[in-house]
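Participant: return a 3D structure for these sequence lines:
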Amino acid sequence: MPILAHQFLVRGCGFAMNDESLSVSKYWRWSVYGLLIAISVGTMTARVMQVESASRADPSPFLSANDKSRWATIRALVDEGTYVIDDIIFKEYENFDDLAERKEDQRDPVWHSIDVVYHRGSDGKWHYYSSKPTLFPTLLAGEYWLIKKLTGATLEEKPFYVVRLMLLFTNVLPLGLALAALAWLAEKYGTTDWGRMFVVACGCGATCMTTFAVALNNHLPAAVSAMFTLACLLPICWQRQEEWWRFAGAGLFAAFTAACELPALAFFVVVASMLVQRSPRQALVWFVPPALLIAAAAVGTNYLAHDTWKPPYAQRQDGKTLAKFPLDEKTPIIPAAGDPTDQKRAPRISLSSELQQWLAGGGVTVSPESWLEESRPNKRWVLVDPQSRERFAMIKDEDQEEIQVRQWGNWYEFPGSYWSSGNLQGVDRGETSTALYAVHCLIGHHGLFSLTPIWLLTVLGLGLAITGRDRDWRELSIAVVLISLAVLAFYLTRSQIDRNYGGVSCCLRWMLWLAPLWLVAMLPAADWASPSRRACWFCLAFLAISAFSATYNSLNPFSHPWIFEYWQYLGWMKY
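Facilitator: Next comes the predicted model:
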């Protein structure tokens with residue numbers, strides 16, 4: 001990746017900063033770009049160097065359950081050679097039989113995260129794993145291994161030193177290069193001094209890309225990869241500059257964007273179709289292999305971690321039905337298990353001989369030591385067999401008037417799981433109304449346009465380009481519109497539990513990776529506004545509000561936006 005980035009930044013630009021052939025205007029613009037990028041990188045570095053959790057009792061460089069989950073995987077891979085994080089998130093862990101996973105006092109408060117899954121590993125035992133995609137943490141494990149070998153510092157003993165150093169190389173440096181790529185794109189395809197510099201200024205401090213630089217996450221690397229993809233793609237499509245490394249870079253970066261953000265598959269498909277249309281042979285020879293490499297790495301690391309091709313977020317439902325029993329007077333009564341909402345300390349329910357025979361008659365064989373746990377009030381039990389180390393789901397389906405026994409398949413349901421406890425807090429409960437969710441995603445407390453009004457200029461730029469005469473800009477703008485609408489529709493149509501605004505987050509973080517596309521699409525609007533003093537003042541006002549939103553959460557992107565907090569203070573909403 002660094003080699004390809006250097007190729008398009010140096011060879012793609014076609015000039016050096018000290019080239020005497022540069023016009024005064026161009027040199028002046030690049031000077032401004034450099035100043036803006038330097039300020040942005042400097043402020044991100046300063047924030048990274050003081051990253052610390054809000055917990056005074058257990059200080060750490062981790063800002064949320066989200067990044068803890070990834071750091072736990074990185075530490076486990078290098079220090080223990082496994083994706084299993086049992087020994088990372090618990091002080092003392094005994095697998096399965098002693099049920100130590102239920103004991104809150106055994107959790108390591110620094111490392112424990114709610115973003116974990118629990119399933120049977122390749123060793124036949126039940127383990128905890130990060131719920132996050134495996135490719136990115138696996139790549140960063142190589143970085144941690146190198147730091148450990150060179151300095152002797154470990155995440156266990158010196159977490160602040162290692163985390164801050166890795167964030168500089170993982171977040172700040174790549175984003176700095178991406179901002180340089182944005183400046184190059186603005187310089188190449190913008191038409192006015194003011195418009196070019198305005199777009200670069202927006203990228204340097206008015207989007208939440210810089211906000212997320214202080215935490216390990218998948219959104220920022222996806223945005224960086226999308227920026228590099230555009231820098232490789234547009235010269236091919238617009239100037240017929242068909243060097244092999246541009247195709248290879250587009251394939252590598254577009255595929256990595258999709259590996260970090262599943263909905264970015266739409267972006268990958270659009271990029272692939274545009275390149276195939278321009279040069280089928282070059283696309284086949286140079287675009288496809290790097291893309292396949294990323295896809296193989298993403299799927300392969302997932303298989304190494306979970307012993308299956310399906311990622312954790314696809315493991316939310318029970319498996320196939322093993323047996324069905326009519327719900328009538330002959331059905332063995334399953335006793336109550338006390339308080340069904342106490343998921344962390346739910347008692348065992350011993351199986352009666354009648355219930356064991358009933359299960360055996362349906363083809364489900366369990367040992368006498370097996371037990372039941374009530375997982376959801378009066379509707380669901382977990383059947384646990386310690387001898388075979390199997391779990392089954394027993395579900396009371398009153399509509400069908402039967403009890404079903406299914407293979408265990410929900411990795412997010414386990415003793416102490418936040419996600420299946422029924423005690424979700426705040427926005428994690430999900431928005432009940434899809435329409436209200438759409439309003440808040442666009443113009444409400446997590447609104448794309450209310451928090452970051454510079455995106456209104458993107459809408460204007462898309463409209464100007466689509467109705468304009470430039471075929472290249474029209475094609476790109478239509479693609480950006482289709483991709484944006486597809487991604488937005490994907491999240492708006494999710495089930496209630498997923499309509500949660502990205503959890504506790506400074507913005508609608510799932511769409512952050514689209515920022516590079518929206519910044520480039522903003523160029524026609526910024527150039528259009530350049531001759532008008534009044535239009536420029538409006539643009540500056542949008543820039544100021546957007547920069548405020550991005551800076552408000554600059555010390556921790558995993559915190560609520562200022563609009564959300566202010567509305568709660570006023571009592572306008574309750575979560």
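
Participant: for the helix or strand that contains Asp87, give the mean pLDDT please.
Facilitator: Using DSSP states H and E, Asp87 maps to helix 86-89. For helix 86-89, the mean pLDDT works out to 92.

Participant: that helix: how far from the chain's middle?
Facilitator: Relative to the mean C-alpha coordinate of its chain, helix 86-89 is positioned 22 Å out (C-alpha atoms, centre = their mean, to the nearest Å).

Participant: cool, and stretch 494-504?
Facilitator: How far stretch 494-504 lies from its chain's middle: 13 Å, per C-alpha atoms, centre = their mean.

Participant: mean confidence score for that stretch?
Facilitator: Mean predicted confidence for stretch 494-504 is 90.

Participant: contacting residues around Arg316?
Facilitator: Shown in contact with Arg316 (C-beta atoms under 8 Å, 6 or more residues apart in numbering): 410-412. Using the backbone N, CA and C atoms, a C-beta is placed for each residue, glycine as well.

Participant: measure it to Ala438 for me?
Facilitator: Per C-beta to C-beta, to the nearest Å, Arg316 is found 23 Å from Ala438.

Participant: what does Ser64 give?
Facilitator: Counting by C-beta to C-beta, the gap from Ser64 to Ala438 is 25 Å.

Participant: quick one, which of the two is more surrounded?
Facilitator: Neighbour count, other C-beta atoms under 10 Å: between Ser64 and Ala438, Ser64 has more, with 21 against 18.

Participant: leaving out the residues flanking it, which one is nearest to the more buried one?
Facilitator: Nearest residue to Ser64 in three dimensions, chain neighbours excluded: Phe558, at 3.5 Å (C-beta to C-beta, 6 or more residues apart in numbering).

Participant: three-state assignment of that neighbour?
Facilitator: Recorded secondary structure, Phe558: coil (DSSP: H, G, I helix; E, B strand; the rest coil).

Participant: could you do Lys324 as well?
Facilitator: strand.

Participant: let's see the pLDDT reported for it.
Facilitator: With respect to pLDDT, Lys324 scores 82.

Participant: wait, what's in contact with it?
Facilitator: Lys324 touches 362, 402-405, counting by C-beta under 8 Å, 6+ apart.

Participant: just the ones of these in helices?
Facilitator: Of the contacts of Lys324, none are assigned to helices by DSSP state H.

Participant: among those, name the buried ones.
Facilitator: Buried members of the contacts of Lys324, scored by 16 or more other C-beta atoms under 10 Å, are 402-405.

Participant: just those now: which is nearest Glu92?
Facilitator: Distance to Glu92, by C-beta to C-beta, is smallest for Val405 among the buried ones among the contacts of Lys324, at 33.3 Å.

Participant: can you list the contacts of Lys324 in CSV and add distance to Ala529?
Facilitator: Listed next are those as CSV, based on distance: C-beta to C-beta, whole Å:
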residue, distance to Ala529
Gly362, 71
Glu402, 65
Ile403, 66
Gln404, 62
Val405, 65
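
Participant: closest one of these to Gln568?
Facilitator: Gln404 (42.0 Å).

Participant: which strand residues bridge that closest one?
Facilitator: Counting by DSSP bridges, Gln404 forms beta bridges with Lys324, Ile395.

Participant: was I right to think it contacts Ala323?
Facilitator: Yes - contact criterion C-beta atoms under 8 Å: Gln404 and Ala323 qualify, at 7.4 Å.

Participant: which of the residues in the helix holding Asp87 are buried?
Facilitator: Buried-residue list, helix 86-89, by 16+ other C-beta under 10 Å: 86-89.

Participant: which residues are contacting it?
Facilitator: Under C-beta under 8 Å, 6+ apart, the answer for helix 86-89 is 72, 75-76, 80, 93, 95, 107-108, 111-113, 116, 127-128.

Participant: in ChimeraX, how would I select just the buried ones from those residues?
Facilitator: A single ChimeraX command is used to select the members of those judged buried by 16+ other C-beta under 10 Å:
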select :72,75,76,93,95,107,108,111,112,113,116,127,128
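
Participant: which ones among the contacts of helix 86-89 lie within helices?
Facilitator: If you go by DSSP H, the contacts of helix 86-89 have 72, 75 in helices.

Participant: pLDDT added to the contacts of helix 86-89, as TSV?
Facilitator: What follows is the contacts of helix 86-89, written out as TSV (pLDDT from 0 to 100):
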residue	pLDDT
Ala72	97
Arg75	98
Ala76	97
Glu80	95
Tyr93	62
Asn95	56
Arg107	85
Asp108	88
Trp111	95
His112	92
Ser113	93
Val116	95
His127	91
Tyr128	93
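
Participant: out of the contacts of helix 86-89, which is nearest to Glu52?
Facilitator: Trp111 (15.3 Å).

Participant: re earlier: most widely separated two among the buried residues of helix 86-89?
Facilitator: Using C-beta to C-beta, the two most remote members of the buried residues of helix 86-89 are Asp87 and Ile89, lying 8.0 Å apart.

Participant: where does this protein have low pLDDT?
Facilitator: Residue ranges of the chain with pLDDT under 70: 1-24, 93-105, 328-347, 376-378, 398, 400, 421.

Participant: now for the residue nearest the centre of the chain: which residues touch it?
Facilitator: Residue closest to the mean C-alpha point of the chain, counted by C-alpha atoms, centre = their mean, is Asn218 at 4.2 Å. Going by C-beta under 8 Å, 6+ apart, Asn218 touches 132-133, 136, 260-261.

Participant: make it 6 Å
Facilitator: Residues near Asn218 by C-beta atoms under 6 Å, 6 or more residues apart in numbering: 136, 260.

Participant: so how far is Phe256 from it?
Facilitator: In terms of C-beta to C-beta, Asn218 sits 11 Å off from Phe256.

Participant: likewise Gly121?
Facilitator: Gly121 sits at a distance of 27 Å from Phe256 (criterion: C-beta to C-beta).

Participant: swap in Leu155?
Facilitator: 24 Å.

Participant: and these two? Which one has more around it.
Facilitator: Phe256 (30 against 24).

Participant: dump the residue contacts of the closest residue to Trp473 other than its chain neighbours.
Facilitator: Distances taken as C-beta to C-beta, 6+ apart put Ala465 closest to Trp473, at 4.1 Å, once the chain neighbours are dropped. Ala465 makes contact with 473-474, 477, 524, according to C-beta under 6 Å, 6+ apart.

Participant: and for Gly430?
Facilitator: Counted by C-beta under 6 Å, 6+ apart, Gly430 has contacts 496-497, 499-500.

Participant: which of those count as buried?
Facilitator: Neighbour counting by 16+ other C-beta under 10 Å classes 499-500 among the contacts of Gly430 as buried.

Participant: now for the contacts of Gly430: which two are most distant?
Facilitator: Among the contacts of Gly430, Gln496 and Asn500 lie farthest apart (C-beta to C-beta), at 8.6 Å.

Participant: got the contacts of helix 86-89 as TSV, with distance to Met44 columns?
Facilitator: Converted to TSV, the contacts of helix 86-89 look like this (distance: C-beta to C-beta, whole Å):
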residue	distance to Met44
Ala72	24
Arg75	24
Ala76	28
Glu80	31
Tyr93	37
Asn95	41
Arg107	32
Asp108	29
Trp111	25
His112	28
Ser113	24
Val116	29
His127	36
Tyr128	32
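
Participant: okay, and which of the contacts of helix 86-89 map to strands?
Facilitator: 116, 127-128 (DSSP state E).

Participant: for Pro311, state which of these is nearest.
Facilitator: Using C-beta to C-beta, the ones in strands among the contacts of helix 86-89 come closest to Pro311 at Val116, 13.9 Å.

Participant: report the contact partners of the residue lying closest to that closest one once chain neighbours are set aside.
Facilitator: Closest residue to Val116 apart from its sequence neighbours, by C-beta to C-beta, 6+ apart: Tyr128 at 5.0 Å. Tyr128 makes contact with 85-86, 116, 118, according to C-beta under 6 Å, 6+ apart.

Participant: switch to 7 Å and redo it
Facilitator: By C-beta atoms under 7 Å, 6 or more residues apart in numbering, the contact set of Tyr128 is 85-86, 89, 116, 118.
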